[in-house]
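# Predicted model and sequence follow; I will ask about them next.
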Amino acid sequence: MKRWALGFALICGACTAKPPANIALDAEIAALDAVDLEARLVSGELSAERVTWVFLGRIESLNEAGPALHAVVEVNPDALTIARELDRRRAKSGPVGPLHGLPILIKANIDTADGMATSAGSVALARHRAAADAPVVAQLRAAGAVILGKANLSEWANFRSTRSTSGWSSLGGQARNPYVLDRSPCGSSSGSAAAVAAALAPLAIGTETDGSIVCPSAINGVAGIKPTLGLVSGRGIVPIARSQDTAGPIARNVRDAALLLRAIEEPGKRPEAHAWQASSRPIATPSASGNGHRLAGVRLGVVRDYSGAGKDRALDEAFGRWLEQLRALGAELVDPIGTGLGDAVESAELTVLLHEFRVQIDEYLRDVRDGPRSLEEVVAFDLAHKDVVMPLFGQDLFLAALKTTGLDAPAYLDAIASLAGFREQLATTFATQRLAALVAPVASRAWRINPEVGDRIGVGSSTIAAVSGYPSIAVPAELLDELPVGLAFVGPPWTEPELTDMASAFEAARGVFAPPRYLATVGN
């Protein structure tokens, strides 16, 4: 973490003048969500420089000091310079885009062509500087965002070992859940979600192959969107498998996540039938009361065959309460819905991921100028530096990937065909049942961090959207024993506008979600 501390020192050393202290104003800035923060920036009440200073200060106070969240692996030495330039541009010619002056954290497996590394959390890539911004980062800059820093993650996006500990990376240490510090932040976008929950930034970008946006979002009490596969460019992102990989937004609430998603979508990808409608979509503030039948006529399929269903009685009871809330909003529930998830789907998915990773990680590493340039070299580096890289778990998934034989291998082709069958079955279910979306718990309550046993994810529904390529939104639903749990809305491709309407209605009916209190531990 010395590199992170140096980055912050460089920022402070480059400052000509720190804004005058105003504790009340700074607390107010930190409490604002992204849409309200942008409104203050537009009105001139706040400057991008001031806002950036506030969040840099929170990183200094909470990331290494205080609760030591380890959510940020590196801050951007150019953040304040970018913010000042954006203030000058606004004064001269108005905002450059919808995110003008908003600080955003980027997951550390996404390329940024600046002073920060694209490390995937590994010391193997600690000196890797990308030659160009990933398209998603270029779009953020064009929209006026201030790239605040790189968020910590589960090393190599949780694809190094089956015994990994979510939120741990050899470069960034163990990211922690800001609600209860000895509990997992889930992964792999652990730092992105924990940072937004702790108000280290109002917005963050995560990535997901299976669960890596929605699980940390739900477990850290924030909103996350796993977009339709292909809606957001995957170029310039350290890959696992492009047949499932996507970047996506993490934010304090659904409308903020929708704002960020609209800024990073690839132009021309979304069909007109599912276009965002500014007059009706949740960029506008949803009803504070949540009253009325905002989901009248919406048919929702209640998933009962998600992984771990029935294993957590408290979560089952909570899910029942959420379903009643959806009924009160006017939704028509089709219960139960079987998706066909099971061991066969999970086995086929792993086969696909291993084969694609073997090919695609080499394609990415080929352009690395200072670090390993192939999976074989990464494996050798890890062995040579095992005391630093592998003190908690090994690299069995890397070794399994090395044994695969390419994307024309019969095992890979059979697995692809199996997943295609799952997608066909899912599409048929949506059509025959006339469903607008599926609903399910996102994940179980956060488990205690215990490197000796690794992750203990008891409940999960993310595979439905992951292997189908469908979009999914995770919405915080309630606290169970001080730990956030969330509801997933999964819809057909390109239906993010419709899903955000549904999720916003549920969110408004739920009411204000309690912020984290940085508890040391809780029982159970």
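Right, received. Where do you want to start? Numbers count the residues shown, from 1 in each chain.

# can you give me the helices in the stretch 301-450 of the chain?
313-328, 343-365, 375-384, 386-389, 396-402, 410-433 (DSSP state H, counting those that start in this stretch).

# and the longest one, what other elements does it pack with?
In terms of contact count using 3 or more CB pairs under 8 Å, 6 or more residues apart in numbering; DSSP states H and E, helix 410-433 is assigned the packing partners strand 299-303, strand 332-337, helix 343-365, helix 463-468. Where you see a C-beta, it was placed from the backbone N, CA and C, and this is true even at glycine.

# Show the average pLDDT along that helix.
Across helix 410-433, the average pLDDT comes to 98.

# for it, which positions count as buried?
412, 415, 416, 418, 419, 422, 426, 429, 430 (16 or more other CB atoms under 10 Å).

# contacting residues around the fifth one?
Okay, so that is residue 419. For residue 419, the contact set (CB atoms under 8 Å, 6 or more residues apart in numbering) comprises 345, 348, 349, 352, 467.

# Could you rerun that using 6 Å?
Going by CB atoms under 6 Å, 6 or more residues apart in numbering, residue 419 touches 348, 467.

# next one: the last one
For residue 430, the set of contacting residues under the criterion of CB under 6 Å, 6+ apart consists of residue 492.

# how close does it get to residue 303?
12 Å (CB to CB, to the nearest Å).

# The third one now?
Here the criterion is CB to CB. By it, residue 416 lies 24 Å from residue 303.

# low pLDDT regions in the stretch 251-400 of the chain?
Along the stretch 251-400 of the chain, the model assigns pLDDT under 70 to residues 278-292.

# go again using 50 as the cut-off
279-290 (pLDDT under 50).

# Where does residue 231 sit: helix, strand or coil?
coil (DSSP: H, G, I helix; E, B strand; the rest coil).

# Check the burial of it by counting its neighbours.
21 (other CB atoms under 10 Å).

# For the buried residues of helix 410-433, which two are the farthest from each other?
Farthest pair in the buried residues of helix 410-433 (CB to CB) is 412 and 430. Separation: 27.1 Å.

# which non-adjacent residue is nearest residue 368?
Nearest non-adjacent residue to residue 368, counting by CB to CB, 6 or more residues apart in numbering: residue 128, 5.2 Å away.

# Next up, the contacts around that neighbour.
Applying CB under 6 Å, 6+ apart, the residues contacting residue 128 are 117, 118, 368, 370, 371.

# what separates the second one from residue 511, distance-wise?
Shown here: residue 118 relative to residue 511, a distance of 39 Å by CB to CB.

# Which residue of these two possesses the greater neighbour count?
More neighbours surround residue 118 than the other of residue 118 and residue 511, with 24 against 11 (other CB under 10 Å).

# Surely the more buried one touches residue 130?
Yes. Counting by CB atoms under 6 Å, residue 130 is a contact partner of residue 118 at 4.9 Å.

# Now for those two: what residues contact both?
With CB under 6 Å, 6+ apart, residue 118 and residue 130 have common neighbours residue 111.

# Going by residue numbers, what spans are strands in the protein?
72-75, 103-107, 146-151, 168-169, 173-174, 203-208, 223-226, 246-251, 299-303, 332-337, 437-441, 472-480, 483-490 (DSSP state E).

# Could you say which of the ones you listed is packed most deeply?
Neighbour counts (mean count of other CB atoms under 10 Å) averaged over each of those peak at strand 223-226, with a mean of 32.

# Which residues outside it are in contact with it?
Here strand 223-226 has contacts from 208, 213-214, 217, 248-251, 253-254, 257, 261, 465, 472-475, using CB under 6 Å, 6+ apart.

# Could you tell me the end-to-end distance of stretch 233-250?
Start to finish, the residues bounding stretch 233-250 are 16 Å apart (CA to CA, to the nearest Å).

# If you count neighbours, what's buried in that stretch?
For stretch 233-250, using 16+ other CB under 10 Å, the buried residues are 233-234, 236-250.

# got it, and stretch 332-351?
So for stretch 332-351, counting by 16+ other CB under 10 Å, buried means 333, 337, 339, 341, 345, 348, 349, 351.

# Same question for stretch 384-394.
Neighbour-count burial for stretch 384-394 [16+ other CB under 10 Å]: 389, 390, 392, 393, 394.

# now residue 511: how far from residue 178?
According to CB to CB, residue 511 and residue 178 sit 20 Å apart.

# let me redo that: residue 156
According to CB to CB, residue 156 and residue 178 sit 24 Å apart.

# ok, the nearest residue to residue 524 once chain neighbours are set aside - how many residues close by?
Distances taken as CB to CB, 6+ apart put residue 481 closest to residue 524, at 6.1 Å, once the chain neighbours are dropped. If you count neighbours by other CB under 10 Å, residue 481 ends up with 12.
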